[in-house]
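1. Structure for this input, please:
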Amino acid sequence: MTAAEAAQAREWLEAIGAIARAAGSEILQVYESGSFDATRKQDDSPLTAADLRAHRSIVAALARLTPDIPVFSEEAAAIPWAERARWRRYWLVDPLDGTKEFISRNGQFTVNIALIEDHAPALGVVHVPVGGLSYLGVPGQGAWREQPGEPRRQIRVRSRCANPPQVVGSRSHRGDSLDAFLARLGAHELKPMGSSLKFCLIAEGSADVYPRLGPTCEWDTAAAQAVVVAAGGRVLQLDGEALRYNTREQVLNPFFVAFGPAAPAWLELLDAAGQGGGGSHR
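-> Sure, this is the predicted structure:
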């Protein structure tokens, strides 16, 4: 990213925060009604009216803010690869991340909006409609936590791993692979969490590591990856390369690990637990 683009990203951060909050309000109107039906998408994931209302709100607002930058949203994902492959810069959106959490009414769902530049997140906002909390980040410039009624504060990942290490894992998608990693790690504290909030715990220094050894899509991770990296952390594929975007037709991510403190050697632990060689999609 050029210096001018970096300055533009920081300027856009305020606007994207407002767009995410507006989408959160659309979601809450459905959530607080206490009555919503979920249909099933082609991949069998749930879809509610809240997903669609948030999607429409975000897409319309981004079109006004940056009419020349394309938008790729989970709820409008049928854009041909021949078109997407030409994009150097685009918005990547998950209007409602954690639809299962939304349906179960546990509050752990988010709005995710990221700006992708040259296959990497250049800006990210993760907004939590229930409670109004937002996480914002521009890699190379900083990350912030914003709570209604409180001043915005800068956040950083932990400099040292807790004893025992604090691991954040999926509330809805735990499997044998995570159990194998935890067994190899030994004594630990596991923090179950839904949606992209798992990354945000790393970014604000409330947890040490988030190993994701199950399927995710690019819109699930981009905004939160921007926040983690902006806070001084890393999000790596199991081959040690940074998680990248729009490099192939399919939108499934490879397995990855997000962390703040670099020790323990997380990738070596994953390899020892039988999860190495994770550069491929699964």
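2. When you work out contacts or count neighbours from here on, use the C-alpha atoms and nothing else.
-> Will do.
3. Show me how far stretch 46-56 is from its chain's centre.
-> In terms of CA atoms, centre = their mean, to the nearest Å, the centre of stretch 46-56 is found 18 Å from the chain centre.
4. Buried residues, stretch 133-153. List them.
-> By neighbour count with 16 or more other CA atoms under 10 Å, stretch 133-153 contains the buried residues 134-139, 142-146.
5. for stretch 96-107, same thing?
-> Buried residues in stretch 96-107, counted by 16+ other CA under 10 Å: 96-103, 107.
6. for stretch 245-265, same thing?
-> Under the neighbour-count criterion of 16+ other CA under 10 Å, stretch 245-265 has 245-246, 251-262 buried.
7. for stretch 185-201, same thing?
-> Neighbour-count burial for stretch 185-201 [16+ other CA under 10 Å]: 185, 190-191, 193-201.
8. For this protein, which segments count as strands?
-> For the chain, applying DSSP state E gives strands covering 39-40, 46-47, 71-73, 89-97, 110-117, 120-128, 133-138, 142-146, 153-154, 166-170, 189-193, 209-212, 234-237, 256-259.
9. Nearest to W12 among those would be which one?
-> The closest of the strands of the chain to W12 is strand 120-128. By CA to CA, the value is 8.6 Å.
10. remind me which residues of the stretch 51-200 of the chain are low pLDDT?
-> Counting by pLDDT under 70, the low-confidence segments of the stretch 51-200 of the chain come to 171-176.
11. Pull the contacting residues for A78.
-> Not one residue lies near A78 by CA atoms under 8 Å, 6 or more residues apart in numbering.
12. Show me how the protein divides into domains.
-> Here the domain assignment for the chain is 3-154, 166-275, based on automatic domain parsing.
13. my guess is N253 contacts C217, does it?
-> Yes: when contacts are counted by CA atoms under 8 Å, N253 is listed as touching C217 (5.4 Å).
14. still on that earlier bit, let's have the buried residues of stretch 185-201 in TSV, adding distance to R160.
-> Formatted as TSV, the buried residues of stretch 185-201 follow (distance: CA to CA, whole Å):
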residue	distance to R160
L185	16
L190	17
K191	18
M193	22
G194	24
S195	25
S196	22
L197	21
K198	18
F199	17
C200	17
L201	15
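15. before we move on, back to that, reformat the strands of the chain as CSV; add distance to A63.
-> Shown next, in CSV, are the strands of the chain (distance: least, CA to CA, whole Å):
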stretch, distance to A63
strand 39-40, 27
strand 46-47, 23
strand 71-73, 8
strand 89-97, 10
strand 110-117, 14
strand 120-128, 17
strand 133-138, 21
strand 142-146, 25
strand 153-154, 29
strand 166-170, 33
strand 189-193, 32
strand 209-212, 33
strand 234-237, 29
strand 256-259, 31
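16. Give me the subset of the buried residues of stretch 96-107 lying in helices.
-> Cross-referencing the buried residues of stretch 96-107 against helices under DSSP state H gives 99-103.
17. Which of the buried residues of stretch 96-107 sits closest to A120?
-> Distances from A120 to the buried residues of stretch 96-107, taken by CA to CA, are shortest for D97, at 19.6 Å.
18. Which residues lie in contact with the closest one in this structure?
-> 109-112, 195-196, 220 are the contacts of D97 under CA under 8 Å, 6+ apart.
19. Now for the closest residue to it other than its chain neighbours: which residues touch it?
-> Nearest non-adjacent residue to D97, counting by CA to CA, 6 or more residues apart in numbering: T110, 5.1 Å away. T110 sits next to 24, 95-98, 126-129, 195-197 when contact means CA under 8 Å, 6+ apart.
20. For those, give me a markdown table that also has distance to A272.
-> Listed next are those as a markdown table, based on distance: CA to CA, whole Å:
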| residue | distance to A272 |
| --- | --- |
| G24 | 41 |
| P95 | 36 |
| L96 | 35 |
| D97 | 31 |
| G98 | 30 |
| V126 | 32 |
| H127 | 35 |
| V128 | 35 |
| P129 | 39 |
| S195 | 27 |
| S196 | 26 |
| L197 | 27 |
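21. and of the buried residues of stretch 96-107, the nearest to A54?
-> Relative to A54, the closest of those is L96; by CA to CA it sits at 7.1 Å.
22. And the helices in the chain, which stretches?
-> 3-31, 49-65, 81-84, 99-104, 176-185, 197-203, 218-230, 266-270.
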